[in-house]
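# I'll drop the sequence and a predicted model, then ask my questions.
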Number of protein chains: 2
Amino acid sequence: MNVVKVGLLGLGTVGGGTVNVLTKNSSDISRRTGYQVVVSKASARDLSRLRICDTDDIQLTTNPEDVINDPEIQIVVELMGGEEPAKSLILAALAQGKHVVTANKALIANHGNELFAVAAKHNVTLAYEAAIAGGIPIVKAMREGLTANGIDWLAGIINGTGNFILTEMRDKGSAFADVLKEAQELGYAEADPEYDVEGIDAAHKLCILASLAFGMPLNLERVYTEGISKVTPLDVTYAEELGYRIKHLGIARRRNEGIEMRVHPTLIPEKRLIANVDGVMNAVVVKGNAVGSTLYYGAGAGAEATASAVIADIVDICRQLGNTSSNAVPALGFLDTELKDLPILSIEDVETAFYLRVPVEDKPGVMAAITSVLANNGISIEAVLQKESEHHGENTQVILLTNCVVEKSMVSALKEIELLDSTTGAATRIRVESLQ
Amino acid sequence: MNVVKVGLLGLGTVGGGTVNVLTKNSSDISRRTGYQVVVSKASARDLSRLRICDTDDIQLTTNPEDVINDPEIQIVVELMGGEEPAKSLILAALAQGKHVVTANKALIANHGNELFAVAAKHNVTLAYEAAIAGGIPIVKAMREGLTANGIDWLAGIINGTGNFILTEMRDKGSAFADVLKEAQELGYAEADPEYDVEGIDAAHKLCILASLAFGMPLNLERVYTEGISKVTPLDVTYAEELGYRIKHLGIARRRNEGIEMRVHPTLIPEKRLIANVDGVMNAVVVKGNAVGSTLYYGAGAGAEATASAVIADIVDICRQLGNTSSNAVPALGFLDTELKDLPILSIEDVETAFYLRVPVEDKPGVMAAITSVLANNGISIEAVLQKESEHHGENTQVILLTNCVVEKSMVSALKEIELLDSTTGAATRIRVESLQ
């Protein structure tokens, strides 16, 4: 049996999970690969900390460079998170001709272009399946499984915390802030929840998925990002009445004019499979021009689910060890030389349908005023839900679903609507996707 | 650009789709792989037949051996279907050191053990992603994406025709025979529907999935197979009232005593994602001991969806061309030498919960009689639904959900129940799976 020695940078949740899964499944993994994958060395900040895994057979160190410089280690697994020192350590490992596996989405999204180029220069692999949607083999599906397809679009629930919050808001009718507190108590949300609920984490993942889909360099700064903190129980309920669910989606779409990359709350028809992905679970729909719609579902986080992806990457690298030709799957699924700087659309040029909720006085002519503003801006209406107030003259809500319209038309229509005499407050708008 | 020449055996739906997808996506495929995949020769029975693809650049022949013997062809794609002459042709191609891609599930399920051994002997690949669930990259997910996992169980909707029929029965309350006729008119079901509706096609696919999951040789003859032709609209409705959907599932499960492999109608909780996979779509849930539950969804058939999987296999082979080491992914995901003959349970030793429907006279003591028979056989009851008849003394139905019980206990309990005075006809039983 060939032994492959692996070094871990970081021995927290995912690191511990990786050690545990390699231990409990070592026989199945060897039967599949012909390799015995051994974690021989691991670095951690605090060696006295309680671990979720047994470390008896692992040489521990507080100095990550001990791991990288160990000549017996062929594969370095970076599970520290954050940009530095993770980036410098990965660069050092690649420069030594070591393969690297990482679960670090922020790092790949921010510095992937540079890191992949360095890996290619040294003819080694930098693998990152665990960086997107945890244990779901979505990178493999996109780089290899769907390789025959031009990708039309993809849409994913790629942040479990956000999906948990939206699911609880719907199931219990609770407000965002209350559910967030609950999620923090359950350990699903961080003390500083901004990364999750404002869509930053999802933007990291979306930017990688978009590059995989369309063969372009990573463009994190071009992802339009909108969080879920402004979604109200009222909108969740009205969406439901209209036959929709509100999900926090990352969406990438190829249009003639360019590529859309955006993260925002989205109404999707309740009949779609992805509308029924609840709680902390993740799912990605990928629409290929040959295969049609496919969906990949599973746990987006967790020690062993993420370890499942980390180890799959390790095994893929094992299978390449000793190969003389360099036909390995390229980092972003397209040959490095074939990545193209595609135009990326700004959000004002994105075309979607919209859900609108306008707080209005309950008096005659209100609906006519709103719909004529929309008509003047070239926006047609798909459905209307007018909520009656108890007493004439009180405040009420007009809820509308529009057809597809370019964002900037909607922005100017809403400005006009908010200036109407009958409008009593700021209008809410949430984009709508049919995902077909 | 490296050119790889491919020969097709069969130029029908999937063959035509493969040519069309290679043409329309040739640029993306080359950008991903560095290869230009060219179909240079194809065999078909009737050269005068109208094709769905352009064949101007393809040398056509009625003799499949012309394709196999062409020294320029490195990869032979078998899309004829059926056991012979497909099998002999594949063996001839493998013996010449050519890689083979096939979409032929009946062939792999029946003769895969022999074919994989011959491929290994000649150090070439026999790939079959398209044989299971069409365009869904499920073979890749199981062989590579989930390689870190011991697989606990898998459950799949792996026959689109059957799923279409069950979906229509639920949506329209129609009888099996009526929907089958409709499916035949729509071209979803063959004139001889036995393969699809009696579960034979699903058994082929399940047997391959089970070997991929557990690392054992293919064992088609040990798959328990039950079709959907006996499912009635009544059962569909009662299942619904109990919060379940009836789906035709292929299920493989690892138990201490051995492996379960079975295809049969199954009640599953309506909340499960797979319960909401409707129409002709396919989906497979795979439960790994690290990743948890994952689901893969997409089109299980169709020219271009199947071509998507065929071409992914071709590209995987291209990536291996010229590699000197032989670390390629093994045919069944485990090294050939590591496949184990695991004990396979007969259906009487399988443990599931059950849905029972017993036609009875509507008189006092009926429920007591049935439940005491169940209790005497060690079967406990999860839920009861007693339908009232209009008039006392008329026939009615007792519907029960039981807890998990070994099949043979249920068989003897049902014999006793059918002998009760109050029972007026044959009892219906459908297995129930929680899929958690």
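Thanks, I have it.

# Could you list the domains of chain A?
The record assigns chain A these domain ranges, following automatic domain parsing: A:2-135+A:303-338, A:138-299, A:351-432.

# Figure out which of these is closest to residue B:320.
domain A:2-135+A:303-338 (7.1 Å; CB to CB). C-betas here are computed from N, CA, C, even on glycine.

# That closest one: how far from the chain's middle?
21 Å (CA atoms, centre = their mean, to the nearest Å).

# same question, stretch A:209-218
Taking CA atoms, centre = their mean, one finds the center of stretch A:209-218 at 14 Å from the center of the full chain.

# Quick check: mean pLDDT of that stretch?
On average, the pLDDT along stretch A:209-218 is 96.

# in it, what's buried?
Neighbour counts over stretch A:209-218 (16 or more other CB atoms under 10 Å in any protein chain shown) mark A:209-218 as buried.

# does any part of it sit near chain B?
Yes: Stretch A:209-218 lies within reach of chain B by CB under 8 Å from any CB of the partner chain, at residue A:215.

# number of nearby residues for residue A:381?
The number of residues packed near residue A:381 is 14, by other CB atoms under 10 Å in any protein chain shown.

# How about residue A:266?
26.

# Report the contact partners of the closest residue to it other than its chain neighbours.
Closest residue to residue A:266 apart from its sequence neighbours, by CB to CB, 6 or more residues apart in numbering or on different chains: residue A:249 at 4.4 Å. Neighbour list for residue A:249: A:155-157, A:263-266, A:268, A:433 [criterion: CB atoms under 8 Å, 6 or more residues apart in numbering or on different chains].

# and if we set it to 7 Å?
Residue A:249 makes contacts with A:155-157, A:266, as judged by CB atoms under 7 Å, 6 or more residues apart in numbering or on different chains.

# Just to be sure, residue A:317 is in a helix?
Yes: Residue A:317: assigned to a helix according to DSSP: H, G, I helix; E, B strand; the rest coil.

# Now do the helix or strand containing residue A:178, average pLDDT.
Per DSSP states H and E: residue A:178 is located in helix A:176-186. Averaged across helix A:176-186, the pLDDT comes to 92.

# Likewise for stretch A:354-374?
Rounded mean pLDDT across stretch A:354-374 is 93.

# residues of that stretch that come out buried?
A:354-362, A:366, A:369-371, A:373-374.

# Okay, and which of the residues you listed map to helices?
Among those, DSSP state H puts A:366, A:369-371, A:373-374 in helices.

# where does chain A have low pLDDT?
A:324-327, A:389-393 (pLDDT under 70).

# need the residues of the stretch 151-300 of chain A near chain B, please.
A:215, A:273, A:276-277, A:288-299 (CB under 7 Å from any CB of the partner chain).

# Which residues are in contact with residue A:268?
Per CB under 7 Å, 6+ apart, neighbours of residue A:268: A:244-245, A:247, A:274-275, A:433, A:435.

# helix, strand or coil for it?
Three-state call for residue A:268 (three-state DSSP): strand.

# that older thread, need the contacts of residue A:268 in a markdown table with secondary structure, can you?
Shown next, in a markdown table, are the contacts of residue A:268 (three-state DSSP):
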| residue | secondary structure |
| --- | --- |
| A:244 | strand |
| A:245 | strand |
| A:247 | strand |
| A:274 | helix |
| A:275 | helix |
| A:433 | coil |
| A:435 | coil |
